[in-house]
Structure formats: C-alpha cells, structure tokens
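> Predicted coordinates and the sequence they were generated for:
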Amino acid sequence: MKLLLISPRSSEKKSPVGFKIPQLALHILAALTPPDVDTTVLDEQISDIDFSKDYDLIGISIMTATAKRGYNIAQKFKEKESTVIFGGIHASVMPEEAIKYGDSVCIGEAEGIWSDIIDDFKNNSLKKFYKPVPFNLLNAPLPRRHIGVDRSILGYKWPGIYTTRGCPYRCEFCSVSDVYGSKIRHLPIPLVVKDIENADSKIFLMLDDNVAANPRYAKNLFQALAPLGIEWGGQSTITIAKDKELLNLCQQSGCRGLFIGVESVSTASMSRMQKTFKSIRENEDAIKKIQDAGILFHPSFVFGFDDDTTAIFDDTLEFLYKNKITTATFNILTPYPGTKLYHRLKQEERLISEDWNRYNHSSVVFRPRNMTGTELAEGYFNLKKEFYSLTNICRRVTRLTEISHPGLVQFFYSTFNNIAGKQTMLESYNAMNMVS
Ligand code: SF4
C-alpha cells in the first residue's frame, strides 16, 4: 500500500521560497503508520507534487487558506482512482464541504484513530467521517522528522517542536479551543527532550499556541531544556511577564524571541476581547519586562475590530515606536469558518466573500463597522510600508542585534522580508481587489 500525506500550499502557483514554518502533524501521522505502508510526506510549500505517481491513499491536511488548493489536488488524484481523506483544521470545521471532494474526513486530531483509518482502508471499509476524541499526548509518538523535509529551506533549518495542545480561552476569531479542546494537554517532558535530541539541530521553533499556558508545566519544561544548550523562538501570551521566575527560566532555556498576540492597542477592543491586560500601560510594562529579560518581543496586531476607526493605524505605529519594537506581524481581521466571529458576521450579513483563498490575513472579506473596507486595506498596507521601510529597519538593527542570537536575528529578518518584501504587491492587489 502506498500512502501520500500532503500539506498543500495556499495557491495554485508556488510562491518564492522565503521563510517557511515547518509542519509537524503529518510527520506524527507518518510515525503512527504501520511499517508495511510505503509512506511519503510532502509539504507543497517546498516540494511539487508528482501527479504521474500512483498512490492508494492520499491524506490532505487543509487550513482555510489552503482548502481550495487541497480540493484541486484531491480531484486530480481521484481521477487516478486514489482514495482521498481530508483532515486539518478547515476540514474539521467544514466536514460537509470537504467530503464533496474526498472519500472521508477526519474531524479533529487524527492521531488517536489513524491506525484504525489505515485498517479500514485496507479492509475496504473506510467511513465517511471519523470523529476521534482528543489525542492522549502521554502516548504520543515522536514525529518521523526526516521524511519529506528539505533542511536547505529557511525555516526547515530549524525544526518545529510542540509541547502542548488545546487552549482554555475562547477568542472570538480563533477556533483552536473548539478543535483542540479547552483543556490543555501536555507532552511528557522526557519525550520533548528526546525529540529535540533526535532532531539534529540547536535552533528550534516551538509551535505551541501558548508555550506558557500552564506555568507549572512550563517551568519544569524550561528547566529540562536549559542543559541542552538550544535556542528557540515560540508563542506565548503576554501574561508570561507577570511571573518573573517563569520569564527568567524561559530565557535560560534558550528562548530568544516570543511571538505574542497583542492584537490591538485600542482599550475598547482589548476589553471586548477579554484580554487579561486591558490597558496600554499594562502591556507596555509587560513588554519592558520581556525585553529586559533578553527576549525579543514580537507582537502580532489585528485590524478591523468593531471598535477600530482609521485612527488605529497611527495609534499602533506610535505604540511600536514608543516601545522600541523591532519586528511585528500585522493582520487584517479574518473571520475563519468555525469561529464565533464567522457566525456573527454571517448573521449580521457583513461577510463579502467566502472565497477561502482570500482568508489570508491580508484581504478584507467582511464589512468593517467603523471604517470602509478600502480604509481598512489602505491603513493596513500603509502601516506595513512605514514600519518596514528601509530607514526604519536600519534604525532597529542595533537594538535587534543587542538582544538576540544571530540565528534568531536571521529568522526575524526573514520573517519581515516576507512580510515587507515580495508579498506586499501581491497582498496589496488581493486586498484592494476585495474592497468595494
Ligand atoms: S487566539 Fe490564542 S488565546 Fe485565543 S483562543 Fe486562540 S489560541 Fe487561545
């Protein structure tokens, strides 16, 4: 039996090779696949699919932005009489849509049921839908890291690791707690250490949604990582700054940068999102603590909340400069299917597109409340242009090199190269096309 596991790219054409976040889920499924199955893992961000090859079973993991491409891939393989099973976050929230293009859909985490799926396929009794319970990470296998991975690609040089799943929060624009559960599950720390030792790298990307979600586990984890001499970047909430011991252990474990969803500098939006820190002052104090600990603070902002007016763009720039932020990510609010935001905007008849290719954080797919779609798109692109202008980048170089390891400096420069460089024209075009 021949199995191909695919993570599709978001467009029909390959985008220029820039920084790529390594995918882990398919490598974990590969580890759970019986050894008699000839298994290939293909990340379409880095490799093209050879449609002339024959496979018995195709597993396609889709996110909203990659769904259309995933459906096209499925159609091509189904013409060759392969069987197609969909999984991933988009298939999990839109199973009735995904099944139109495939033979089966796994709703939720496939790991706990993957060997049954393979058996069902072998016995010609594949079900239309599988709905496994959240996977018990105590029994998690280590990912088969070395299949289908090109370590010459930036980003893939630095393997991804994960330690937790699930999130106790229920942010309106996010479906993580619905799909992965609101209870945090942890990978046993000895398994994390073993995975790192197997991965043949000294720099890692921690792929958890919130690496410090459970401070007690995080402290133990960081203590276990410290002797390994690794460096890593990951995601956390800003509340990590509240616990000095946690923050110091995080830095000592090799953390050089944290991606943190600040989301907005508007106090109205902060309280509507039920953020723990509800004032700019609280955020600024936390940022200083993180920076003083020697960790690069990389905030992420979202524009288009109901309380946002056109003033939000200048307010955000002022906040960034005042707090000496070196790198940041900017997004247009995107109502992903399956989220409460999607249902609300649909009910309010404010969605203007359900073309999933446009659900990419840089296109306006809904009618904002306190500005026009054009104002949202223009404000977003002008802010990015200003923050990532050559002059501004040069101004920030000194500070960035002061606090970060060269490897991570390279990582963050690649990120904003991607953000500010080649993609800008394309994204501008997409966004401007979307506003009426
Ligand atoms: S945005 Fe982050 S904190 Fe909010 S629900 Fe999603 S994962 Fe949790």
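Yes, it's here. Residues are numbered from 1 along each chain as shown.

> rest of the way, CA atoms for contacts and neighbours
Fine.

> What's the end-to-end length of stretch 190-204?
Using C-alpha to C-alpha, to the nearest Å, the end-to-end distance of stretch 190-204 comes to 17 Å.

> Give me the contacts around that stretch.
Contacts with stretch 190-204, where a contact means C-alpha atoms under 8 Å, 6 or more residues apart in numbering, come from 142-143, 145, 157-163, 224-225, 229-233, 407.

> Of those residues, grab the buried ones for PyMOL.
To isolate the buried members of the contacts of stretch 190-204 in PyMOL, using 16 or more other C-alpha atoms under 10 Å:
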select buried, resi 142+143+145+157+158+159+160+161+162+163+225+230+231+232+233
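
> So which of the contacts of stretch 190-204 are in strands?
Applying DSSP state E to the contacts of stretch 190-204, the entries found in strands are Gly160, Ile161, Glu231, Trp232, Gly233.

> The first one and Ala25 touch, don't they?
Translated: Gly160. No. Taking contacts as C-alpha atoms under 8 Å, Gly160 lies outside contact range of Ala25: 10.3 Å.

> who's the residue of the stretch 251-400 of the chain found nearest the ligand bridged to?
Closest to the ligand within the stretch 251-400 of the chain is Gly261: 7.3 Å, counting by C-alpha to the nearest ligand atom. Going by DSSP bridges, Gly261 is paired in beta bridges with Ser300.

> who's in contact with it?
Per C-alpha under 8 Å, 6+ apart, neighbours of Gly261: Ser236, Thr237, Ile238, Pro299, Ser300, Phe301.

> can you rerun that using 10 Å?
Listed by C-alpha atoms under 10 Å, 6 or more residues apart in numbering, the contact set of Gly261 reads Asn210, Gln235, Ser236, Thr237, Ile238, His298, Pro299, Ser300, Phe301, Val302, Ala328, Thr329.

> My reading is that Phe297 lies in a strand. Confirm?
Yes. Assessed by DSSP: H, G, I helix; E, B strand; the rest coil, Phe297 belongs to a strand.

> What is the neighbour count of it?
Using other C-alpha atoms under 10 Å, Phe297 is surrounded by 23 other residues.

> next one: Lys53
Residues lying near Lys53 (other C-alpha under 10 Å) number 8.

> Can you show me the strands along the stretch 151-300 of the chain?
Using DSSP state E, counting those that start in this stretch, the strands of the stretch 151-300 of the chain run over 160-161, 164-165, 185-186, 203-206, 231-236, 255-263, 296-303.

> Name the strands paired with the second one and say parallel or antiparallel.
To tie it back to what came earlier, the one meant is strand 164-165. If you go by DSSP bridges, strand 164-165 pairs up with strand 185-186 (antiparallel).

> Are the strand it pairs with and the ligand in contact anywhere?
No. Using C-alpha under 6 Å from any ligand atom, strand 185-186 never reaches the ligand; the gap is at least 13.2 Å.

> and the ones in strands among the contacts of stretch 190-204 as a markdown table, adding distance to Ser353 and pLDDT?
Shown next, in a markdown table, are the ones in strands among the contacts of stretch 190-204 (distance: C-alpha to C-alpha, whole Å; pLDDT from 0 to 100):
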| residue | distance to Ser353 | pLDDT |
| --- | --- | --- |
| Gly160 | 33 | 88 |
| Ile161 | 35 | 92 |
| Glu231 | 41 | 94 |
| Trp232 | 38 | 95 |
| Gly233 | 34 | 93 |
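
> Thank you kindly, that will do.
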